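Trainee: with the input below, show me the fold.
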Amino acid sequence: RVHFAEEAPYLLRLLGISGVPLKPRLFISEEAEAAAAGILADAGFTGKDLIVSIHPGGVYSSKRWAPDRFAEVAARLIRDYGAKLLFIGSEDERALVDGICASLPGPGNVLKAVNLRPDILCALLRRSRLFIGNNSGPLHMAAAFGVPGVSTMGPADPVKWPPLGPDQVVLRSDLKCSPCNKGVCKG
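Mentor: Sure thing, here's the model as predicted:
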């Protein structure tokens with residue numbers, strides 16, 4: 001068992017392709033950078049703010065931390081650190097994001113960035129000082145930009161799917177049935 005990033009280059013080497021880096025790299029267009037800067041400026045976020053990206057979603061329910069826990073952490077980040085929160089999600093996660101954000105204090109502390117183009121999402125994530133979320137695509141994008149993260153693992157294989165990058169804290173329960181990689185917990 002190895003990380004997925006080690007698995008793919010191994011397969012490429014079998015085909016005679018070498019020199020593939022293990023660490024993912026993402027590139028952002030100037031257009032996406034400008035769009036992200038505009039989104040943050042319109043929300044009153046500045047380069048001096050402690051911007052924390054939070055992704056409470058995930059494809060499967062077994063991979064998601066409880067919404068009230070995200071709300072509790074988010075409220076403490078605002079109260080104790082003056083953080084500006086960037087809640088991200090897909091269109092299917094809009095109600096989840098709206099529900100969590102409805103309980104948070106004050107206008108100007110929270111920006112909901114739902115259903116964005118992937119390149120603009122990447123440009124926003126890159127401006128974050130911390131990522132908090134479940135094991136998902138946005139987690140791995142943030143990690144590729146070197147954004148420190150705190151994430152939950154759920155039933156995914158902790159050897160194959162942890163985020164790559166500096167300062168990544170992965171929280172998981174070591175259950176007898178884990179890793180089962182199942183989308184819905186039956187136990």
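Trainee: against which helices or strands is the lengthiest helix in the chain packed?
Mentor: Across the chain, the helix with the greatest residue count (assigned by DSSP state H) is helix 67-81. When contacts are defined as 3 or more CB pairs under 8 Å, 6 or more residues apart in numbering; DSSP states H and E, helix 67-81 packs onto strand 51-55, strand 84-89, helix 94-101. From N, CA and C alone the C-beta is placed, and that goes for glycine too.
Trainee: and the first one with helix 94-101, angle?
Mentor: Put plainly, it is strand 51-55. Between strand 51-55 and helix 94-101, the angle comes out at 130 degrees (axes from the mean of the first three to the mean of the last three CA atoms, to 10 degrees).
Trainee: parallel or antiparallel, which strands does strand 51-55 pair with?
Mentor: In the sheet containing strand 51-55, the strands it pairs with under DSSP bridges are strand 84-89 (parallel), strand 130-134 (parallel).
Trainee: and of the ones you listed, who's closest to Ala5?
Mentor: strand 130-134 (18.0 Å; CB to CB).
Trainee: so which of the helices and strands packed on helix 67-81 comes closest to Pro155?
Mentor: Comparing the helices and strands packed on helix 67-81 against Pro155 with CB to CB, the closest turns out to be strand 51-55 (17.7 Å).
Trainee: of the helices and strands packed on helix 67-81, which is nearest Val170?
Mentor: Between Val170 and the helices and strands packed on helix 67-81, the shortest gap by CB to CB is with strand 51-55, which sits at 14.4 Å.
Trainee: mean confidence score for the closest one?
Mentor: Taken as a whole, strand 51-55 has an average pLDDT of 98.
Trainee: element containing Ser128?
Mentor: Secondary structure here is read from DSSP states H and E; on that basis Ser128 sits in neither a helix nor a strand.
Trainee: residues contacting it?
Mentor: For Ser128, the contacting residues are Ile51, Val52, Ser53, Leu86, Ala142, Val147, by CB atoms under 8 Å, 6 or more residues apart in numbering.
Trainee: the fourth one: how many residues sit nearby?
Mentor: This means Leu86. When neighbours are counted by other CB atoms under 10 Å, Leu86 registers 25.
Trainee: distance check, the nearest residue to it once chain neighbours are set aside against Pro166.
Mentor: Leaving aside its chain neighbours, Leu86 sits nearest to Ser53 (4.6 Å; criterion: CB to CB, 6 or more residues apart in numbering). Ser53 sits at a distance of 16 Å from Pro166 (criterion: CB to CB, to the nearest Å).
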